[in-house]
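>>> Need the 3D shape of this:
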Amino acid sequence: MKYILYLAIISLFLGGCNKENKTKMISSEGAAAESVYLTHDQHHKPVVVWTEKLNDKLTLYYAISDDDGKSFSRKASIPLTPDVATHAEGMPKVAFKNNGSVIVAYEKKAPTKQNKFAGAIYYVMSNDEGKTWTHEAFLHSDTVAGRSRSYFDIERLPDGEIGASWLDVALNNETRARSVRFAKTTKAKGFTDEILVDSSSCQCCRIDVYTDNSENVFIAYRGLKKGNMGKQIRDMMIATSTDQGASFSSPITISADNWSIDGCPHTGPSLCGNKAGLFSLWYTEGSGTGIYYSQKSNSDNGFSPRQLVSNEGHHPQLSANENTIAMLWEENMIHEGKPNTVIYYRIVKDGIEVQRNMLTPKDANAFVPVVTQSKDGFLIAYLMEKNNHVGVYWTKL
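Sure, this is the predicted structure:
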């Protein structure tokens, strides 16, 4: 019996070592990584996108995997100007059209005396796998300087074009909520056919654009409305398009948390879906603090009552394959007397939790995790600080 127990302990130890060995850094040695993002190309191959700074020069990189996320070999780079935003709620992103065209989108900060949050969203396009790029262009139709346009997301739509949604200027003078807008590419042009989705969004939380297998397009964001006694309520909202982004439904509330807060919490929602329906993961301090998730089945008009994932977590991310959901988030902890941030994950299969564990080591700061599906599980990337150096790391679950 002792011999069997000994073997079990050795197997567990070796398994832990193997998992650690599978975590690799993809960013450059000596450079300071600033953001990370995951997507897929037109062949559904995993793509890691990140920005890093070396000698005060900011560069965006993306690398494509030809073996389902086991390695990343094909790499392209684009120099960025210092005014490009790289924060976790609005980092540069890459999307691939069905015809292979690559779009890189990013936000530039352009503060003025009247508006310190002013900025614009730009994009460039490549039709030769990143060898050459078009001139920089505005993603949105309004190009007046001094206005706020930020916190965007891009996604390949069911028709193979790229859809983009972002927070634009405030249209509600009472709440100062920002407007949510959407535009998409066409075969012959860049982003066109811009439409207004909503005029009641929180000012500084990221948007998530997601398309499901039924060709629906969803935009999730943190809403902003007046509550009792004039207090501001910031709960998650979602709008749906059934016509490739030509129009969107009136938004509905994902969960009536009734979070009353005067400032923006800088943490947006995450969406994913599978055969069971649509799922959302978000952070709130309304009617309880923590990360919650909710589900909307294909036959339901609304989302189910929320379920608590972690009352210590923040900055959640979500992905799904056919019958499994992966949730990731950050948690703060004290390790050997020093504050650190670590990343946790939770795996739910057919509605039942099958794994829940700490992903990153206790003695390193790890933050802004992102996750996407692969053929045999999930691909995860994040920033991690080791020995005063921040790099981009990736692993698989």
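
>>> residue boundaries of the helices in this protein?
Assigned by DSSP state H, the helices in the chain fall at 2-21.

>>> pLDDT weak spots in it?
1-21 (pLDDT under 70).

>>> If we use 80, what do you get?
Along the chain, segments meeting pLDDT under 80 span 1-21, 188, 229.

>>> all strands for the stretch 101-250 of the chain, in order.
With strands called from DSSP state E, counting those that start in this stretch, the stretch 101-250 of the chain shows them at 102-109, 119-126, 137-138, 150-156, 162-170, 178-185, 191-201, 208-211, 217-222, 225-226, 232-233, 236-241.

>>> Out of the ones you listed, indicate the one that is most buried.
Ranked by mean neighbour count, the strands of the stretch 101-250 of the chain are led by strand 217-222 with a mean of 26 (mean count of other C-beta atoms under 10 Å). Backbone N, C-alpha and C define where each C-beta goes, glycine included.

>>> Listing partners with orientation, what would you give for it?
Each strand that pairs with strand 217-222, with its direction, by DSSP bridges: strand 208-211 (antiparallel), strand 236-241 (antiparallel).

>>> Could you give the number of residues near residue 231?
Residue 231 sits with 13 neighbouring residues when counted by other C-beta atoms under 10 Å.

>>> so what's residue 298 closest to, chain neighbours aside?
residue 277 (5.3 Å; C-beta to C-beta, 6 or more residues apart in numbering).

>>> if I pick that neighbour, what's in contact with it?
Residue 277 makes contacts with 295, 296, 297, 298, 300, as judged by C-beta atoms under 8 Å, 6 or more residues apart in numbering.

>>> again, but for residue 351
residue 276 are the contacts of residue 351 under C-beta under 8 Å, 6+ apart.

>>> Okay, it and residue 375: tell me how far apart.
22 Å (C-beta to C-beta, to the nearest Å).

>>> What lies in contact with stretch 297-304?
Residues outside stretch 297-304 that contact it (C-beta under 8 Å, 6+ apart): 214, 252, 254, 255, 276, 277, 278, 280, 294, 295, 296.

>>> Could you turn the buried ones of these into a ChimeraX selection?
Buried residues within these, by 16 or more other C-beta atoms under 10 Å, are selected in ChimeraX with:
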select :254,255,276,277,278,280,294,295,296
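
>>> Inside strands: which ones of the contacts of stretch 297-304?
252, 277, 278, 280, 294, 295, 296 (DSSP state E).

>>> The first one reaches residue 236, doesn't it?
No. Look at residue 252 against residue 236 with C-beta atoms under 8 Å: they stay out of range, at 10.0 Å.

>>> related to what we said a few turns ago, kindly reformat the strands of the stretch 101-250 of the chain as a markdown table containing distance to residue 309.
Listed next are the strands of the stretch 101-250 of the chain as a markdown table, based on distance: least, C-beta to C-beta, whole Å:
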| stretch | distance to residue 309 |
| --- | --- |
| strand 102-109 | 29 |
| strand 119-126 | 31 |
| strand 137-138 | 38 |
| strand 150-156 | 22 |
| strand 162-170 | 25 |
| strand 178-185 | 26 |
| strand 191-201 | 24 |
| strand 208-211 | 17 |
| strand 217-222 | 16 |
| strand 225-226 | 25 |
| strand 232-233 | 22 |
| strand 236-241 | 14 |
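
>>> and residue 180, what is it in contact with?
Listed by C-beta under 8 Å, 6+ apart, the contact partners of residue 180 are 165-168, 196-199, 201, 207, 219, 221, 239.

>>> Among those, which one lies nearest to residue 181?
Closest to residue 181 out of the contacts of residue 180 is residue 168 (4.8 Å), distances taken as C-beta to C-beta.

>>> For the closest one, give me its contacts.
Contacts of residue 168 by C-beta under 8 Å, 6+ apart are 140, 142, 147, 148, 149, 178, 179, 180, 181.

>>> tell me the contacts of the third one?
It refers to residue 147. By C-beta under 8 Å, 6+ apart, the contact set of residue 147 is 115, 118, 120, 168, 169.

>>> now the fifth one
Under the criterion of C-beta under 8 Å, 6+ apart, the contact list for residue 149 reads 107, 119, 120, 121, 140, 142, 166, 167, 168, 169.

>>> If we use 10 Å, what do you get?
107-108, 110, 117-121, 138-140, 142-143, 166-169, 178-179, 181 (C-beta atoms under 10 Å, 6 or more residues apart in numbering).

>>> With residue 372 instead?
Residues near residue 372 by C-beta under 10 Å, 6+ apart: 37-40, 46-48, 69, 272, 317, 319-321, 326, 378-381.

>>> Filter those residues down to the ones in strands?
Using DSSP E, these in strands are 37-40, 46-48, 272, 317, 319-320, 326, 378-381.

>>> Name the nearest of those residues relative to residue 174.
Closest to residue 174, out of all of the ones in strands among the contacts of residue 372 and judged by C-beta to C-beta, is residue 317, at 33.0 Å.

>>> Now do residue 116: how many residues are near it, please.
9.

>>> Check residue 264 too.
Applying other C-beta under 10 Å, we find 17 residues neighbouring residue 264.

>>> Would you quantify the distance from it to residue 89?
Distance of residue 264 to residue 89, given as C-beta to C-beta: 9 Å.

>>> next one: residue 379
According to C-beta to C-beta, residue 379 stands 21 Å off from residue 89.

>>> neighbour count winner among these two?
Legend: neighbour count by other C-beta under 10 Å for residue 379 and residue 89, higher for residue 379 (25 against 20).

>>> who's in contact with that one?
By C-beta under 10 Å, 6+ apart, the contact list for residue 379 reads 38, 40, 46-48, 65, 68-70, 72, 319, 326, 370-373, 394-397.

>>> again, but for residue 150
Contacts of residue 150 were listed using C-beta under 10 Å, 6+ apart, and they are 85, 87, 89-90, 107-109, 117-121, 166-168, 178, 203-204, 206-207.
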